[in-house]
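Model the structure of this input:
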Amino acid sequence: MRDFAGKTAFVTGGASGIGLALGRAFAQAGMKVMLADIEAEALAAAVKSLAVSGPDIRGVACDVADPASVEHAAKTSFDAFGKVHVVCNNAGVAAAGGIDNISLDNWRWVLDVNLMGVLHGIRSFLPHIRAHGEGGYIVNTASMAGMTGGLGFSPYTASKFAVVGMSEGLAAQLKPFGIGVSVLCPSYVRTGIGESGRNRPERYGTAATLDPASPAAVMVAEIARRLEAGLEPDAVAARVLKAIRGDELYVFTHADSRQAVDERFAAIRAAMDEVAG
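Residues are numbered from 1 along each chain as shown. Have a look, this model is predicted:
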């Protein structure tokens with residue numbers, strides 16, 4: 001997909017971080033944009049901030065963990081713009097993992113947003129894109145945590161590995177229909193994901209307070225430090241637009257992540273050699 005002008009993009013998690021940067025990049029490329037987010041006030045501010053890029057910027061409240069909410073957001077987009085061509089399933093959250101005090105609520109919340117939210121977006125928009133026949137593109141936000149197990153036993157890692165696998169399978173099946181798929185796997189980006197608990201619905205309970213000396217708390221603090229020094233979201237968005245134009249399945253943003261990936265695949269190859277030998 002090379003021509004963006006006049007087409008429509010839908011972006012979840014669009015009120016901040018990578019989602020807002022994607023919305024800005026699409027608008028600057030001449031697209032109509034629907035930003036979707038669970039935070040109403042932040043969403044209104046995001047839409048206002050993009051208004052200078054063109055008149056066709058809208059927002060819709062959306063909880064991606066709720067399939068009915070995503071269906072509503074999709075219908076709102078169709079009613080506003082007619083056809084949608086690019087769908088970015090970008091909304092994501094993080095919660096503590098580890099092998100101590102394993103929280104089912106944490107796991108359910110993270111998987112419902114990071115994994116099921118992607119599924120809900122595909123389910124709500126893919127039939128529409130196939131029906132209008134103009135081609136399209138789906139971008140699923142995973143993470144380098146979906147390529148390596150560096151975060152340990154974690155709902156975030158589990159969700160992102162699943163999104164990578166989902167995207168690989170989806171890309172193969174959609175290629176004959178002229179619909180592209182990319183899976184975005186950034187490392188540390190300067191976003192507010194470390195404070196994603198602010199949007200945690202009551203149905204998932206409250207996050208447990210971590211012992212500051214626990215391994216989980218130490219890891220959370222280190223992640224926060226790396227996020228603060230991370231890549232700017234606009235750089236990630238620019239990389240995504242380039243990937244859409246080039247029909248790239250894997251979208252990486254940090255060259256220094258390669259070593260961890262190489263180590264993982266070297267271990268996999270060695271294990272396969274044992275079978276072959």
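
what's the weakest-modelled helix or strand in this protein?
Lowest on mean pLDDT, DSSP states H and E among the helices and strands of the chain sits helix 215-228, with a mean of 78.

Only the buried residues of it, if you could.
216, 219-220, 223, 227 (16 or more other C-beta atoms under 10 Å). All C-beta spots, glycine's among them, are computed from the backbone N, C-alpha and C.

likewise stretch 51-69?
In stretch 51-69, counting by 16+ other C-beta under 10 Å, buried: 53, 56-67, 69.

which pair in the residues you listed spans the largest distance?
Greatest spatial distance in those: Ser53 and Pro67, 30.4 Å, computed using C-beta to C-beta.

Spell out the residue ranges of the helices in the stretch 101-250 of the chain.
Secondary structure of the stretch 101-250 of the chain, counting by DSSP state H, counting those that start in this stretch: helices at 104-111, 117-132, 155-174, 215-228, 233-246.

what's the closest of these to Thr8?
helix 117-132 (10.4 Å).

For Ala15, see how far away the residue nearest to Val183 when sequence neighbours are not counted is.
Of all residues not flanking Val183 in the chain, Ser167 sits nearest, at 3.7 Å (C-beta to C-beta, 6 or more residues apart in numbering). As for Ser167, its distance to Ala15 is 23 Å (criterion: C-beta to C-beta, to the nearest Å).

Now do the contacts for the residue nearest to Ala224 when sequence neighbours are not counted.
Once flanking residues are discounted, Ala224 sits nearest to Gly194: 4.9 Å by C-beta to C-beta, 6+ apart. Contacts for Gly194 (C-beta atoms under 8 Å, 6 or more residues apart in numbering) come out as 94, 220, 223-224, 227.

now, among these, which is nearest to Lys48?
For these, the nearest to Lys48 is Leu227 (25.4 Å; C-beta to C-beta).

State the distance from that closest one to Gly205.
Applying C-beta to C-beta, the value for Leu227 to Gly205 is 24 Å.

isn't the residue nearest to Val183 right up against Val181?
Yes - between Ser167 and Val181 a contact is recorded at 5.6 Å, counting by C-beta atoms under 8 Å.

Tell me which stretches of this protein form strands.
8-12, 32-37, 57-61, 86-89, 136-141, 179-185, 250-252 (DSSP state E).

Rebuild the ones you listed as TSV, extending it with distance to Gly19 and mean pLDDT.
Below are those laid out as TSV (distance: least, C-beta to C-beta, whole Å; pLDDT from 0 to 100):
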stretch	distance to Gly19	mean pLDDT
strand 8-12	5	98
strand 32-37	7	98
strand 57-61	11	98
strand 86-89	7	98
strand 136-141	8	98
strand 179-185	11	98
strand 250-252	15	98
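
Any chance of those strands in CSV with distance to Gln173 as columns?
Below are the strands of the chain laid out as CSV (distance: least, C-beta to C-beta, whole Å):
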stretch, distance to Gln173
strand 8-12, 20
strand 32-37, 25
strand 57-61, 28
strand 86-89, 15
strand 136-141, 11
strand 179-185, 9
strand 250-252, 17
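
which residues sit in contact with Gly59?
14-15, 34-37, 43-44, 46-47.

what about the closest residue to Gly54 other than its chain neighbours, distance to Ser53?
In space, and not counting its chain neighbours, Gly54 is closest to Ala27: 5.6 Å by C-beta to C-beta, 6+ apart. According to C-beta to C-beta, Ala27 and Ser53 sit 4 Å apart.
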